[in-house]
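K.L.:
Fold the following and give me the result.
(one chain, ligands or ions: 1)
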Amino acid sequence: MLTPAVLPSSLTRVVPWAHALLAPALRPGDLAVDLTAGRGRDTLFLFEQVGRSGRVVAFDTQAEALQRTAALLSGAGAAIHQHGSTGRADLTAAGIHLFAAGHQHLADCLADAPQVVIANLGFLPGGSPTLTTTAATTALALEQACALLAPGGRLAVVTYPGHPGGEVEAATVETLFFSLPPARWQTLRLAVPNARGAPLLLVAQKS
Ligand SMILES: C[S@@+](CC[C@H](N)C(=O)[O-])C[C@H]1O[C@@H](n2cnc3c(N)ncnc32)[C@H](O)[C@@H]1O
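P.N.:
Sure, this is the predicted structure:
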């Protein structure tokens, strides 16, 4: 249950809102997916919810991002399992399963149903702004995430329409969320209406 004590203090920073809205869907021992590991902060959030008995599967295409995530999570006490390529891997062990792969290969890598999937799109903070997520591969990953998600599970996507390519990607994500049948999906869109190009949060819960 969401309580006032865990609500983010800033209205306009949407990543803390994503975490606040995902946390109630996770329990110790659960499986969660981070579609964009980046600096590992979202993976760390997921690990803090599922604990040492749970599993977090995380993807990134950049070695720097995977190294940062592994360092952050091992420092937090998580077991790290590296998977160098796509395809079925042994994901039975608790801990963080890092795939050096694009998230569009999610369904090739994962057969189990995650309770939560997060996709914090865009580029690696502090990294090259040209190495960014793209509308086409993001759409593939989100379609697979929707199919895999466990009943009662939640998907959160943070889009960044303010950077080059980000507007097209944000529109693609919104189109996907608009198409989710309301009989099977509850959806939520959090935006900052008075800041042009501000990040946008979309959340969906599967029945
Ligand atoms: C905004 S960052 C993610 C932030 C991260 N979740 C964190 O907590 O620090 C976006 C990341 O997406 C990664 N990325 C780009 N294309 C990708 C793809 N096709 N599959 C997986 N990751 C991708 C980038 O390398 C970058 O690290």
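K.L.:
Run through the residues that contact whatever residue of the chain ends up closest to the ligand.
P.N.:
The ligand sits closest to residue 38 of the chain, with a gap of 2.5 Å, by Cβ to the nearest ligand atom. (C-beta placed from N, C-alpha, C; glycine too.) Contacts for residue 38 (Cβ atoms under 8 Å, 6 or more residues apart in numbering) come out as 60, 65, 68-69, 120, 124-125.
K.L.:
repeat for residue 151
P.N.:
Taking Cβ under 8 Å, 6+ apart, we find residue 151 in contact with 206-207.
K.L.:
With residue 185 as the reference, measure out to it.
P.N.:
Relative to residue 185, residue 151 is positioned 11 Å away (Cβ to Cβ, to the nearest Å).
K.L.:
Could you do residue 35 as well?
P.N.:
Going from residue 35 to residue 185 by Cβ to Cβ gives 18 Å.
K.L.:
which of the two has more neighbours?
P.N.:
Ranked by neighbour count (other Cβ atoms under 10 Å), residue 35 and residue 185 place residue 35 first, with 27 against 16.
K.L.:
The more buried one contacts residue 114, correct?
P.N.:
No. The criterion here is Cβ atoms under 8 Å, and residue 35 misses it with residue 114 at 10.5 Å.
K.L.:
Between these two, which contacts overlap?
P.N.:
Residues within reach of residue 35 and of residue 114 at once, by Cβ under 8 Å, 6+ apart, are residue 145.
K.L.:
Return the set of residues that bridge with the one residue sitting closest to the centre of the chain.
P.N.:
In the chain, the centroid-proximal residue (Cα atoms, centre = their mean) is residue 118; its distance is 1.8 Å. Counting by DSSP bridges, residue 118 is bridged to residue 34, residue 156.
K.L.:
Contact residues of this structure facing the ligand?
P.N.:
36-42, 59-62, 65, 102-104, 120, 122-124, 131-133, 137 (Cβ under 6 Å from any ligand atom).
K.L.:
Make a PyMOL selection of the buried ones in these.
P.N.:
Buried members of the residues of the chain next to the ligand, defined by 16 or more other Cβ atoms under 10 Å, are picked up in PyMOL with:
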select buried, resi 36+37+38+39+40+41+42+59+60+61+62+65+102+103+104+120+122+123+124+132+133+137
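K.L.:
mind listing which of the residues of the chain next to the ligand are in helices?
P.N.:
Within the residues of the chain next to the ligand, residues falling in helices by DSSP state H are 41-42, 65, 137.
K.L.:
would you turn these into a markdown table with distance to residue 13 and pLDDT?
P.N.:
A markdown table is the format used below for those (distance: Cβ to Cβ, whole Å; pLDDT from 0 to 100):
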| residue | distance to residue 13 | pLDDT |
| --- | --- | --- |
| 41 | 12 | 98 |
| 42 | 13 | 98 |
| 65 | 21 | 97 |
| 137 | 26 | 98 |
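K.L.:
circling back: in contact with the residue nearest to the centre of the chain, which residues are there?
P.N.:
Residue 118 touches 18, 22, 32-35, 42, 45-46, 155-158, counting by Cβ under 8 Å, 6+ apart.
K.L.:
hmm, 6 Å instead?
P.N.:
34, 42, 156 (Cβ atoms under 6 Å, 6 or more residues apart in numbering).
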